[in-house]
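> coords please:
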Amino acid sequence: MYNIRKSSERGHFNHGWLDTFHSFSFAEYYDPQHMGFSVLRVINEDRVAAGAGFGTHPHRDMEIITIILSGALQHKDSMGNGSIIRPGDVQRMTAGRGVTHSEVNPSSTDPVHLLQIWLLPEQRSLEPSYEQKSFSEESYTNQFALLASHQGSDGSVLIHQDVSLYRAKLSASTELIKPLSSTRKGYLHVIHGAIKVNKTISLTTGDALKISEEASLELIADTDSECIFFDLPN
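This next block holds a predicted model:
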């Protein structure tokens, strides 16, 4: 079973310093039909202007994953971590029983384009923790690369939830087949490009697909494209 979530249906706000799209209800955007999917609670696509960003703010009981698409983001948190996140990097922060952090675009000239993802954790009040890893573009070109997983498998970042997050960058006409479990859910988000799913469903930049009770996922790129895919519990 498939359910398409069109890019144009997402919540959208342009605050000047921040141009943001919300796939699920978040902040000022509320849609009771889109509160999340399985344990996937947030996918925000953000463009942050040069020199701007999110000042210090708190989180708790959430697994937060940040993927930089272009530009750079400076991270500082109450655990003592400080880093610059760049394209190819994946950052995971377990908010657990409570953490504060800031995220600022350190460039004086260039915007930063990113995806921020929130997952509900497997249990509350975990010990806050932080992890950051880099993935080469070759690792996810015309194949799925595992970015985050419950066990931290294959060099992925470890998340405290039964979820596997993959990324793929597809050249035009490339076909990828991903076996699925009919007892689990899937969520496909198109970062950019145009992708046909199982020869019948056409998705373009910003579109997403909710998947349940399917045995496989067949992707064909109509143009150079990029996507992320979540293997999720029922």
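> which residues does the most far-flung residue of the chain relative to its centre contact?
Taking Cα atoms, centre = their mean, the residue of the chain most remote from its mean C-alpha position is S108, at 25.6 Å. Contact analysis of S108 by Cβ atoms under 8 Å, 6 or more residues apart in numbering lists A50, G51. Glycine gets a C-beta too; all of them are placed from N, C-alpha and C.
> Is it located within a strand, as I assumed?
No. Under DSSP: H, G, I helix; E, B strand; the rest coil, S108 sits outside any strand and is assigned coil.
> Backbone torsions only: list them for it.
Per-residue torsions, S108: phi -90, psi 0 (degrees, to the nearest 10).
> The one 3 residues further on too?
Listed backbone geometry of P111 is phi -70, psi 160, with angles given as degrees, to the nearest 10.
> For it, report the pLDDT, please.
Confidence at P111, expressed as pLDDT, is 98.
> hey, what's the residue nearest the centre of the chain bridged with?
Nearest to the geometric centre of the chain sits I117, at 4.4 Å (Cα atoms, centre = their mean). Beta bridges link I117 to I43, I65, judged by DSSP bridges.
> which residues does it contact?
I117 sits in contact with L40, V42, I43, N44, I64, I65, T66, I67, L165, where contact means Cβ under 8 Å, 6+ apart.
> Now flag whichever of these is closest to G193.
I67 (16.1 Å; Cβ to Cβ).
> picking up where we left off before, looking at the contacts of I117, which is nearest R97?
I64 (14.3 Å).
> Look up how far Q161 lies from the closest one.
When distance is defined by Cβ to Cβ, to the nearest Å, I64 is 12 Å away from Q161.
> gap between N105 and I84?
Taking Cβ to Cβ, one finds N105 at 10 Å from I84.
> And L188, by the same measure?
In terms of Cβ to Cβ, L188 sits 29 Å off from I84.
> Neighbour count: those two, which is higher?
Each of L188 and I84 has its neighbours counted (other Cβ atoms under 10 Å); L188 has more, 25 against 12.
> my guess is the more buried one meets E226, correct?
No. Under the criterion of Cβ atoms under 8 Å, L188 makes no contact with E226, lying 11.5 Å away.
> tell me the secondary structure for E138?
helix.
> Give me the common contacts of N105 and I84.
What both N105 and I84 touch, as defined by Cβ under 8 Å, 6+ apart, is the set A72, L73, Q74.
> Isn't the second one up against H101?
Okay, so that is L73. No. L73 lies out of contact with H101 (Cβ under 8 Å); the separation is 11.1 Å.
> neighbour-wise, which of those two wins?
L73 (25 against 22).
> how about the spatially closest residue to that one that is not a sequence neighbour, what does it touch?
Nearest non-adjacent residue to L73, counting by Cβ to Cβ, 6 or more residues apart in numbering: I85, 4.7 Å away. Contact analysis of I85 by Cβ under 8 Å, 6+ apart lists T66, I68, A72, L73, Q74, H75, Q91, L114, Q132.
> which among those end up buried?
T66, I68, A72, L73, Q74, H75, Q91, L114, Q132 (16 or more other Cβ atoms under 10 Å).
> Nearest residue to the last one in space, please, no chain neighbours.
In space, Q132 comes closest to Q91 once its chain neighbours are excluded; the distance is 4.7 Å by Cβ to Cβ, 6+ apart.
> what's the burial count for I228?
Using other Cβ under 10 Å: I228 sits among 23 other residues.
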